[in-house]
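1. what's the 3D shape of this:
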Amino acid sequence: MYLTSDANVRSILIVDDSAFEQRMLVDLLSELPYRVSVAFNGMQGYQLALANQPDLILLDVRMPNMDGYTCCRLLKANPATYDIPVIFLSGADAAEDRIMGLSIGGVDYVSKPFTPGELAARIHVHLNLMRRTPGAAPPEPEVADQPPAPPPNPDAVIVNAAKRLISDNLAALPTLAEIARSVGTYREKLSQLFREQTGMTVFAFIREERIARGVQLLRETDIDVQDIALLIGFNNAGNFATAFRERMGVTPSAFRQGQGQGQGQGQDQDQNL
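-> The predicted structure is shown next:
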């Protein structure tokens, strides 16, 4: 039996479109020292998370209107909800489903039907991991007359979620319509938001992101140019070289060689000092 004060009670948000699953989870968690709230789809869950700031979210995957993956992308793109641990709780148990859930920011993925004791243990572990460590510095005191920080711009959250999805999938990008659907909007709206928030189109951002990732890989790895091209979404090294030269003024091979020469010159200078 748990004995806790109200100040120590942790809050959990259940996001699941099944009333039966909700009741089962509420019954389980009501025996533990948690405050529980519920939502019936991803959009409602995202809005409740913004409003209530739960300590942990149990998130189903397959839901109408907005699924769990889209909800999680928005949660992780918003500074106000980024740190809330998300445990996916789903009947979708294929390896690709589990990988997707963890790659977009979930801390755990529990398959249905689950064992109540195991789920309770996982919740306990992740809540403990989120606790402030003993002796950590207290939060900065609020300054009198200082206005509260403005809430995150909803449009910026959508664009940030789309940017992360693009960056994580450069090798095999979904279509623009699929990207938009994955962050809770539609193609034309996402294009408009990108222009407003970044001053560029989605496709211009993709080109810049691919070249920036290519620069990073050329500088920091010994991966062949052909393999780098495939890793960042070009069909072949020739297409990569053309796009790279247009943006950087040199070919990928010349860029890498120049980096090596610069490093060697720096080392020679260091040895002469």
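2. Now do the strands in the stretch 51-200 of the chain.
-> 56-59, 86-90, 108-111 (DSSP state E, counting those that start in this stretch).
3. Can you redo those strands as a markdown table, where the extra columns are mean pLDDT?
-> Compiled in a markdown table, the strands of the stretch 51-200 of the chain are given as follows (pLDDT from 0 to 100):
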| stretch | mean pLDDT |
| --- | --- |
| strand 56-59 | 96 |
| strand 86-90 | 93 |
| strand 108-111 | 93 |
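4. most tightly surrounded among those strands?
-> Counting by mean count of other Cβ atoms under 10 Å, strand 56-59 has the highest mean neighbour count of the strands of the stretch 51-200 of the chain, with a mean of 27. C-beta here means a position set from N, CA and C on the backbone, and glycine is covered the same way.
5. contacts for that one?
-> 10-16, 25, 42, 45, 49, 68, 71-72, 75, 84-89, 106, 123, 126-127, 130 (Cβ atoms under 8 Å, 6 or more residues apart in numbering).
6. can you tell which of the strands of the stretch 51-200 of the chain is closest to Gly117?
-> Evaluated with Cβ to Cβ, these place strand 108-111 nearest to Gly117, the distance being 12.0 Å.
7. and that closest one, what does it pack onto?
-> strand 86-90, helix 95-103, helix 116-130 (3 or more Cβ pairs under 8 Å, 6 or more residues apart in numbering; DSSP states H and E).
8. can you do 10 Å?
-> strand 56-59, strand 86-90, helix 95-103, helix 116-130 (3 or more Cβ pairs under 10 Å, 6 or more residues apart in numbering; DSSP states H and E).
9. What count of nearby residues applies to the nearest residue to Val107 once chain neighbours are set aside?
-> Taking Cβ to Cβ, 6 or more residues apart in numbering, and ignoring the residues beside it in sequence, Val107 has Pro85 as its nearest neighbour in space, at 4.4 Å. Using other Cβ atoms under 10 Å, Pro85 is surrounded by 18 other residues.
10. that older thread, mind putting the strands of the stretch 51-200 of the chain into JSON lines with distance to Asn236?
-> Putting the strands of the stretch 51-200 of the chain into JSON lines (distance: least, Cβ to Cβ, whole Å) gives the following:
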{"stretch": "strand 56-59", "distance to Asn236": "40"}
{"stretch": "strand 86-90", "distance to Asn236": "37"}
{"stretch": "strand 108-111", "distance to Asn236": "36"}
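11. which one is Asp60 nearest to, not counting chain neighbours?
-> Nearest non-adjacent residue to Asp60 (Cβ to Cβ, 6+ apart): Asp16, at 4.2 Å.
12. Look at Leu230 and give its secondary structure.
-> helix (DSSP: H, G, I helix; E, B strand; the rest coil).
13. show me the contacts for it.
-> Leu230 is in contact with Ala171, Ala172, Ile223, Asp224, Asn236, Ala237, Phe240, counting by Cβ atoms under 10 Å, 6 or more residues apart in numbering.
14. Using CSV, lay out those residues together with secondary structure, neighbour count and distance to Ala212.
-> Below are these laid out as CSV (DSSP: H, G, I helix; E, B strand; the rest coil; neighbours: other Cβ atoms under 10 Å; distance: Cβ to Cβ, whole Å):
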residue, secondary structure, neighbour count, distance to Ala212
Ala171, helix, 13, 15
Ala172, helix, 7, 18
Ile223, coil, 13, 16
Asp224, coil, 10, 19
Asn236, coil, 10, 20
Ala237, helix, 19, 18
Phe240, helix, 24, 13
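15. Could I get the residues you listed in JSON lines, plus columns for pLDDT and distance to Arg164?
-> Shown next, in JSON lines, are the contacts of Leu230 (pLDDT from 0 to 100; distance: Cβ to Cβ, whole Å):
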{"residue": "Ala171", "pLDDT": "91", "distance to Arg164": "15"}
{"residue": "Ala172", "pLDDT": "91", "distance to Arg164": "16"}
{"residue": "Ile223", "pLDDT": "94", "distance to Arg164": "23"}
{"residue": "Asp224", "pLDDT": "94", "distance to Arg164": "27"}
{"residue": "Asn236", "pLDDT": "93", "distance to Arg164": "27"}
{"residue": "Ala237", "pLDDT": "93", "distance to Arg164": "27"}
{"residue": "Phe240", "pLDDT": "95", "distance to Arg164": "23"}
